[in-house]
Structures are given as structure tokens and as C-alpha cells.
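Trainee: Build me a structure from this.
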Amino acid sequence: MDLVIRHATLPDGRSDVDIGIDGGKFAAIQPALPAKGVEEIDAAGRLVSPPFVDAHFHMDATLSLGLPRLNASGTLLEGIALWGELKPHLTQQALVDRAMAYCDMAVAQGLLAIRSHVDVCDDRLLATEALLEVKRRVAPYLHLELVAFPQDGLLRSARARENLVRALDMGVDVVGGIPHFERSMADGASSIRWLCELAAERGLRVDMHCDESDDPLSRHIETLAAETVRTGLQDRVAGSHLTSMHSMDNYYVSKLLPLIAEAGVHAIANPLINITLQGRHDTYPKRRGMTRVPELMDAGVNVAFGHDCVMDPWYGMGSGDMLDVAHMGLHVAQMTSTSGVARCFEAVTTHAARVLGLEGYGIAPGHRADFVLLQAGDVHEAIRLRAARLLVVREGRILARSPERQTRLSLPERPSELTLEFRPGSIS
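Mentor: You can find the predicted model right below:
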């Protein structure tokens with residue numbers, strides 16, 4: 001064996017497991033593995049997880065915070081306007097440099113697969129060219145998948161359709177859209193039909209920003225599910241955000257959830273961003289904004305989480321840590337049960353991998369030996385502590401190592417001469 005990890009705990013609860021890796025693949029996963037490794041690492045009961053997967057991100061905008069100015073209001077619409085101000089000043093080299101810096105940050109935290117939307121409404125397609133170059137550079141250590149995203153609206157922006165097709169011809173992987181940002185509900189529905197037909201024709205996946213709104217009448221996810229079935233794209237379509245569902249009445253949602261499940265449409269929530277940008281028109285009570293994650297899961301819909309933004313016009317925070325995303329997700333969705341915490345961990349690992357259609361993902365014999373060794377005993381502790389990534393491995397090759405963190409509070413010894421005296425009536 002090239003590498004053996006001893007005494008590991010797995011996300012499904014198995015403990016004291018040895019993991020043998022040979023030729024870049026998992027060769028054996030069992031207790032007391034007799035084979036020896038060229039290198040052996042004692043996990044000492046810590047969690048070995050499949051790598052983190054970000055199902056929804058905007059790498060063309062990442063790390064651009066403050067360019068050309070800060071988002072003073074912190075709102076979605078000012079963020080969109082600010083991105084429009086920045087686009088004319090973008091250069092391909094700056095885009096590449098920022099994206100490469102983010103990829104390095106991501107890999108160090110065990111994030112080895114990212115689906116990034118790239119704005120195609122700039123006629124120069126600078127961001128498309130830049131991220132295709134980044135994809136080429138990071139391929140040995142990071143799976144980067146690109147979505148052709150008409151940020152300004154497929155029909156609302158004069159050349160968006162032409163630019164989107166050009167981007168796909170250049171090698172972009174996924175068809176994107178933003179139906180709720182079109183000028184009318186009818187235009188939104190038309191854009192979904194055209195985009196799904198295009199994806200079916202080219203054999204591509206679809207990922208649409210869908211109903212990123214507090215408006216309960218923004219119901220494009222219904223059209224997306226119907227068009228998924230009509231065009232035969234089941235299990236190849238994702239609806240991202242779906243925040244209007246948080247404001248819909250329960251009767252309508254009771255009809256909508258089975259429709260999404262039957263169509264095999266994936267749902268992607270973005271907890272950090274949804275809780276930040278939605279509900280801005282509310283006073284009190286104020287809506288949380290994130291879509292109905294546990295209800296979607298209970299209906300049989302595959303739900304993943306995305307980071308969405310890191311230090312860009314929409315969100316000045318973020319660090320590329322998918323455990324931060326899971327941590328926020330379980331709070332916003334009130335998924336603090338034992339099963340709920342496990343599902344939130346899956347939303348940034350196995351569920352997200354399914355959205356991307358990653359082959360050979362997961363800790364199983366014959367799969368590609370990609371994994372993260374976390375300084376945690378189980379998934380609950382991993383999320384609670386946003387555990388240190390002690391080891392990040394791709395195809396059996398160690399990409400990053402981190403030192404252990406001190407996770408327990410260490411108090412100084414109590415002085416032996418210290419005494420406490422309490423007399424009745426001394427506190428009033």
C-alpha cells in the first residue's frame with residue numbers, strides 16, 4: 001500500500017477503521033488492515049471524511065471586496081449594481097490571480113470540488129476566459145466546474161443568449177439562468193424553456209438561480225421542474241437559492257415539493273448569503289429567507305449547500321470554509337437534531353457531490369482516494385468546532401497538512417492559598 005490511515009472514524013459512524021490506499025484509489029477499508037503502507041498515519045479516532053464540495057459559488061467575483069467601492073447597504077440589489085460598475089474595469093490577469101488565490105485557500109481547507117457561476121453578460125467574456133484558464137491550472141488538485149450565468153437576465157440583457165452559447169462553445173460545463181430577474185414572469189418562464197432545451201440538445205447539466213426573492217409569487221421552480229421532465233433532464237438540473245419558498249403558503253408548497261422530487265431536481269441553499277440578503281424589506285417579524293431545507297430533504301429532494309460568495313460585492317465575509325456553511329445551515333434551518341446535523345454535513349459533502357455528478361466520490365474501495373482528516377471525533381464535533389484539516393489528500397497524494405489546534409480550555413492551577421468566604425447578607 002502507498003498510504004495507510006490507521007484507527008479512523010468515518011462519517012457514517014464506523015470507528016477504529018484502517019484505510020488502505022494504493023495507486024491513487026481506496027484499496028481497502030476495514031478494521032486491523034494487515035497490509036503495511038509505505039507511509040502510515042495514525043488518525044487516533046479522528047474523522048476521515050470525503051472532501052468538501054461547494055455546489056454554488058461565484059469565483060469571478062471572489063476576493064474583489066472594495067472594488068471599486070464597498071456595498072454600503074449590504075443588499076443584493078446594490079451588490080448587483082456594484083458588480084456592474086466593476087465589470088468594465090476587470091482584467092483577465094486580475095481575475096486569474098484572485099481565483100487562483102481562492103483555490104489555494106479552498107484546497108487547504110479540504111474543499112476539492114467547486115461549481116462556480118461565471119457572468120456571461122460582459123460581451124468580452126473576460127471572466128469566462130479567465131476561469132477556463134484557472135480550471136486548466138487547478139485540474140491536478142481541484143475539480144472546478146463552470147456555469148454560464150447570464151447575471152443581467154437571459155432576455156433582459158441584449159446579447160446574453162449569444163454570449164451564453166459562446167461560453168458553452170469555449171468549454172463552460174453547465175447552463176445557467178436567472179428567471180426571477182427577467183422583466184416579467186412570462187419572460188422568466190420563457191428563459192427556463194429555452195435554457196433547458198439548449199442543455200438537452202448539448203447533453204449538459206442545468207443550474208439556475210431560481211426564485212432568489214422574498215416574493216411568494218416568484219414560482220419559477222415550478223416551471224423548472226416541469227421543463228426538466230419535458231426535456232428529459234431528470235437528475236441533471238439544480239435550482240439554486242429557492243428562497244421564495246420560505247415565504248410561500250404551506251398548501252402551495254405541499255403541491256410543489258412532490259413536483260420537485262418527481263422531476264429529480266436538486267436544490268441548493270446558500271445559508272450564509274440567504275440569511276444575509278433575504279428579508280431586507282421586513283421589519284418584524286423578519287423572515288429567515290433560506291429555503292425549506294428539511295422539508296425538501298424529507299420529500300426526497302437532494303439538497304446541497306453552497307458558499308456562494310467570499311469577500312465580493314454581495315458578501316464581505318467568508319473564508320472558503322464549508323464547515324462554516326454547514327454550521328450556519330443547521331442554525332437557520334433549525335436542524336440541530338442528531339440526524340439534522342448529519343444531513344447538514346452531507347449537504348457539503350455527498351449531497352453536493354451528487355449535484356455535480358462526481359464519479360468515484362466517497363470513501364469506498366475502488367473510488368478515488370480523496371479525503372480530509374479532521375481534528376474531530378464525529379460530524380457533530382467537526383461542524384461545532386469548524387475542525388482543523390489535519391490532512392488533505394487527493395488521489396492518495398497529500399496536498400496540505402495543518403497542525404492540531406487547542407480545542408479544550410486550559411485553566412491555570414488554582415493557588416493553594418486562595419479561599420472563598422461567603423457570609424449571609426454580604427450580597428444585596
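Trainee: residue boundaries of the helices in the stretch 101-250 of the chain?
Mentor: Listed from the start of the chain, the stretch 101-250 of the chain has helices (DSSP state H, counting those that start in this stretch) covering 126-138, 160-170, 185-202, 220-230, 250-263.
Trainee: neighbouring contacts of the last one?
Mentor: Contact partners of helix 250-263, identified using CB atoms under 8 Å, 6 or more residues apart in numbering, comprise 216, 219, 221-222, 225-226, 228-229, 234, 237, 239, 245, 248, 267, 292, 295-296, 299-301. Using the backbone N, CA and C atoms, a C-beta is placed for each residue, glycine as well.
Trainee: can you check the fourth one too?
Mentor: Residues outside helix 220-230 that contact it (CB under 8 Å, 6+ apart): 179-180, 185, 188-189, 192-193, 196, 206, 208, 210-211, 233-234, 236-237, 239, 242, 244-245, 256, 259-260, 262-265.
Trainee: From Gly316, how far off is Glu145?
Mentor: As for Glu145, its distance to Gly316 is 26 Å (criterion: CB to CB, to the nearest Å).
Trainee: which one of these two has more residues nearby?
Mentor: Glu145 (21 against 15; other CB atoms under 10 Å).
Trainee: So in terms of bridging, what pairs with that one?
Mentor: On the basis of DSSP bridges, Glu145 is bridged to Arg115.
Trainee: Now for it: which residues touch it?
Mentor: So Glu145 contacts Ala113, Ile114, Arg115, Ser116, Asp173, Val174, Leu356 (CB under 8 Å, 6+ apart).
Trainee: make it 6 Å
Mentor: Contacts for Glu145 (CB atoms under 6 Å, 6 or more residues apart in numbering) come out as Arg115, Asp173, Leu356.
Trainee: my guess is the first one meets Val53, correct?
Mentor: No. Proximity of Arg115 to Val53 does not meet the contact threshold set by CB atoms under 6 Å, at 8.2 Å.
Trainee: could you list every residue that touches Ile41?
Mentor: Going by CB under 6 Å, 6+ apart, Ile41 touches Ile5.
Trainee: would it count as being in a strand?
Mentor: Yes. Assignment of Ile41 by DSSP: H, G, I helix; E, B strand; the rest coil places it within a strand.
Trainee: Quick check: it vs Leu3, distance?
Mentor: Taken as CB to CB, the span from Ile41 to Leu3 is 7 Å.
Trainee: Could you tell me which ranges of the stretch 51-200 of the chain sit under the pLDDT cut-off?
Mentor: Flagging of the stretch 51-200 of the chain using pLDDT under 70 yields an empty set of residue ranges.
Trainee: Identify the residue nearest the geometric centre of the protein.
Mentor: By CA atoms, centre = their mean, the chain has its centre lying nearest to Gly306, at 2.2 Å.
Trainee: what's the spacing between the nearest residue to that one once chain neighbours are set aside and Asp312?
Mentor: Distances taken as CB to CB, 6 or more residues apart in numbering place His56 nearest to Gly306, at 2.7 Å, with adjacent residues excluded. Computed as CB to CB, the His56 to Asp312 distance reads 13 Å.
Trainee: and what of His380?
Mentor: Here His380 is placed at a distance of 31 Å from Asp312 (CB to CB).
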